[in-house]
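1. Fold the following, please.
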Amino acid sequence: MPAPATSATVYEPVEGWAKIPHGIWMKEATSVAVDSDDRVYVFNRGNMPVLVFDSDGNMVDSWGNETPYEGVTLMEDPYGNMVPRWLGTRFTRAHAITVDHEDNLWLTDDSGNRMSKTDKKGNTLMTIGTGVPTERESGEMFNRPTSVAVDPSNGDIFVSDGYGNSRVHRFDKDGNHLLSWGQSGTDPGQFSLPHNVAMFSEGQVIVCDRENHRVQVFTTDGEYVKGWHVHKAVATFSGKGDDTNVYIAEQGPPPVQSGVANLGHKIGIYDRGGNVIQKIGADLPGERPDQFNWLHSVAVDSQGNIYAAEVSYVEVGRHQDPPREFVSLRKWARVSG
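-> This is a model prediction of the structure:
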């Protein structure tokens with residue numbers, strides 16, 4: 001990784017970066033991750049759940065649906081909307097993808113209430129979760145989990161659980177449950193929708209506490225360390241190697257504040273003390289290359305380039321007349337500094 005970005009580092013959006021072949025309908029990219037070879041993995045809600053790109057945006061692989069052209073069925077999403085789900089896909093509702101230190105993939109299916117560990121070709125290595133939701137806010141595993149982080153020092157697994165719980169669960173490398181922490185609330189150590197978890201530094205994890213508009217840092221035993229305000233923090237990525245910065249995706253404001261500038265719709269770059277280094281993205285959402293519509297995931301490659309995934313269909317596109325797909329996968333190249 002290059003040296004940590006500073007306020008002088010320049011990023012430029014790469015228009016039309018993802019070259020998606022005919023017959024692949026991504027619908028929206030819910031999550032993005034990068035492996036040690038700078039291949040980009042995209043978890044999406046279209047007819048092929050996992051798309052793999054090289055750093056130039058060429059699609060080099062895809063998997064997750066053996067019958068991608070058989071059509072759709074309707075399912076009720078967590079918000080009560082009837083939405084199409086492609087027949088044959090192995091996931092109920094794609095939510096998050098993580099690449100661990102061994103280049104294995106972890107895919108979180110929130111409505112499916114399970115996490116799948118696979119190799120890079122999609123072969124399942126482990127599954128955590130029964131697929132049946134527990135009682136809402138019971139603290140029991142799982143009620144619509146949101147993401148996975150893996151500790152490179154020992155392989156321990158952390159799950160943010162998520163939409164229907166206010167918990168973080170820790171497992172050993174074999175999937176045996178070790179401990180859990182958190183409850184609903186606004187005090188330190190409490191959560192209002194823990195939406196994403198990532199390793200922060202040795203022995204620490206960072207959690208995006210979305211509806212409390214903050215991130216919180218804990219020891220791997222669940223002890224609160226610190227936190228700071230981030231507007232609707234939805235996803236985070238901790239830099240690797242020499243890059244000690246933290247990248248945090250911010251969602252936008254509620255409809256009553258639509259059109260108000262500088263409320264989310266940016267990727268913030270912070271040092272590990274929580275100080276803002278810079279933010280990328282325009283002041284308002286939109287379809288220009290420098291704008292975001294509804295951020296949901298962020299990842300960084302070995303050259304310092306930033307990738308973003310957005311749930312732009314469910315939040316924006318389906319409300320159009322007629323409904324249409326928006327750009328939901330973006331690359332910002334680090335060009336200097």
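2. Look at residue 240 and report its pLDDT.
-> Listed pLDDT for residue 240 reads 88.
3. dump the residue contacts of the residue nearest to it when sequence neighbours are not counted.
-> Closest residue to residue 240 apart from its sequence neighbours, by C-beta to C-beta, 6 or more residues apart in numbering: residue 1 at 5.1 Å. C-beta here means a position set from N, CA and C on the backbone, and glycine is covered the same way. Shown in contact with residue 1 (C-beta atoms under 8 Å, 6 or more residues apart in numbering): 239, 240, 241, 242, 243, 300, 302, 304.
4. where does the most centrally placed residue in the chain land in three-state SS?
-> In the chain, the centroid-proximal residue (C-alpha atoms, centre = their mean) is residue 297; its distance is 3.4 Å. Assigned by DSSP: H, G, I helix; E, B strand; the rest coil, the conformation of residue 297 is strand.
5. Across the sheet, point out what pairs with it.
-> Beta-bridge partners recorded for residue 297 (DSSP bridges): residue 309.
6. Next, the contact list for it, please.
-> 29-33, 96-97, 196, 234-235, 249, 308-309.
7. Which single one of the contacts of residue 1 is nearest to residue 261?
-> Nearest to residue 261 out of these is residue 300 (C-beta to C-beta; 25.8 Å).
8. How many residues are close by the closest residue to residue 244 other than its chain neighbours?
-> Spatially, and ignoring its direct neighbours in sequence, residue 244 is nearest to residue 4 (5.3 Å; C-beta to C-beta, 6+ apart). Using other C-beta atoms under 10 Å, residue 4 has 17 neighbouring residues.
9. Now do the phi/psi pair for residue 4.
-> Backbone geometry at residue 4, expressed as degrees, to the nearest 10, gives phi -60, psi 140.
10. And it, how far from residue 270?
-> Distance of residue 4 to residue 270, computed by C-beta to C-beta, to the nearest Å: 10 Å.
11. is it fair to say residue 314 lies in a helix?
-> Yes. Residue 314: assigned to a helix according to three-state DSSP.
12. Please report how far it lies from residue 130.
-> Taking C-beta to C-beta, one finds residue 314 at 26 Å from residue 130.
13. again with residue 206
-> For residue 206, the distance to residue 130 equals 28 Å [C-beta to C-beta].
14. More neighbours: these two, which one.
-> In this view residue 206 and residue 130 are compared by other C-beta under 10 Å, and residue 206 has more residues nearby, 26 against 11.
15. give the contact list for residue 63.
-> By C-beta under 8 Å, 6+ apart, residue 63 lies in contact with 48, 49, 50, 121, 122.
16. List the ones among those residues that fall in strands.
-> Mapping these onto strands (DSSP state E) picks out residue 50.
17. Dump the contacts of residue 63 to TSV, plus neighbour count, pLDDT and distance to residue 229.
-> Formatted as TSV, those follow (neighbours: other C-beta atoms under 10 Å; pLDDT from 0 to 100; distance: C-beta to C-beta, whole Å):
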residue	neighbour count	pLDDT	distance to residue 229
48	23	96	38
49	25	97	34
50	24	98	34
121	10	96	41
122	17	97	38
